[in-house]
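Enquirer: need the 3D shape of this:
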Amino acid sequence: MRILHTSDWHLGRSFHREGLMEAQAGFVDHLVETVRAERVDCVLISGDVYDRALPALEAVRLCDEALVRLGELTRVVLIAGNHDSVQRL
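Expert: As a prediction, this is how the structure comes out:
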């Protein structure tokens, strides 16, 4: 069984007031391609998906897109971290 573990996406984060959504979208593309190429059986995402408990709409959309794309390829297990809202996830 091939399990890919990832964490600490911090979607919606900025660095010195510069948004990182474009880079984070590139990460999602790379992750999906890796899952496809390596025929991963399960992706485990262990916390801090968002950078704050009330993430920006753009971050929520990127997370939703990532989960849909990954779900089309494999099983996904997701747990909340200290930056996440359990109810939102």
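
Enquirer: how about the helices in this protein?
Expert: Here the chain has its helices, by DSSP state H, at 21-38, 57-71.

Enquirer: pick the most deeply packed of those helices.
Expert: Of those, the one with the most neighbours on average (mean count of other Cβ atoms under 10 Å) is helix 57-71, at a mean of 16. (Glycine included, C-beta is placed from N, CA and C.)

Enquirer: looking at the helices of the chain, which is closest to Asp84?
Expert: Across those, Asp84 has its closest neighbour in helix 57-71 (9.9 Å, Cβ to Cβ).

Enquirer: rewinding a little: need the helices of the chain in CSV with distance to Arg2 and mean pLDDT, can you?
Expert: Compiled in CSV, the helices of the chain are given as follows (distance: least, Cβ to Cβ, whole Å; pLDDT from 0 to 100):
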stretch, distance to Arg2, mean pLDDT
helix 21-38, 6, 97
helix 57-71, 14, 96
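
Enquirer: could you dump the ones you listed to JSON lines with distance to Leu44?
Expert: Converted to JSON lines, the helices of the chain look like this (distance: least, Cβ to Cβ, whole Å):
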{"stretch": "helix 21-38", "distance to Leu44": "12"}
{"stretch": "helix 57-71", "distance to Leu44": "11"}
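
Enquirer: tell me which of those lies nearest to Ser85.
Expert: Closest among these, using Cβ to Cβ: helix 57-71, at 10.6 Å.

Enquirer: centre of the chain to that closest one, how far?
Expert: Mean-position distance between helix 57-71 and its chain equals 7 Å (Cα atoms, centre = their mean, to the nearest Å).

Enquirer: please shift the residue numbers so they start at 31 in all later answers.
Expert: Yes, from this point I'll number from 31; that puts the last item at helix 87-101.

Enquirer: show residues contacting that helix.
Expert: 39, 41-42, 51, 54-55, 58, 61-62, 65, 73, 79-81, 85, 106, 108, 118 (Cβ atoms under 8 Å, 6 or more residues apart in numbering).

Enquirer: same thing with stretch 54-74?
Expert: The contact list for stretch 54-74, computed with Cβ under 8 Å, 6+ apart, reads 31-36, 39, 41, 43, 92, 95-96, 99-100, 103-107.
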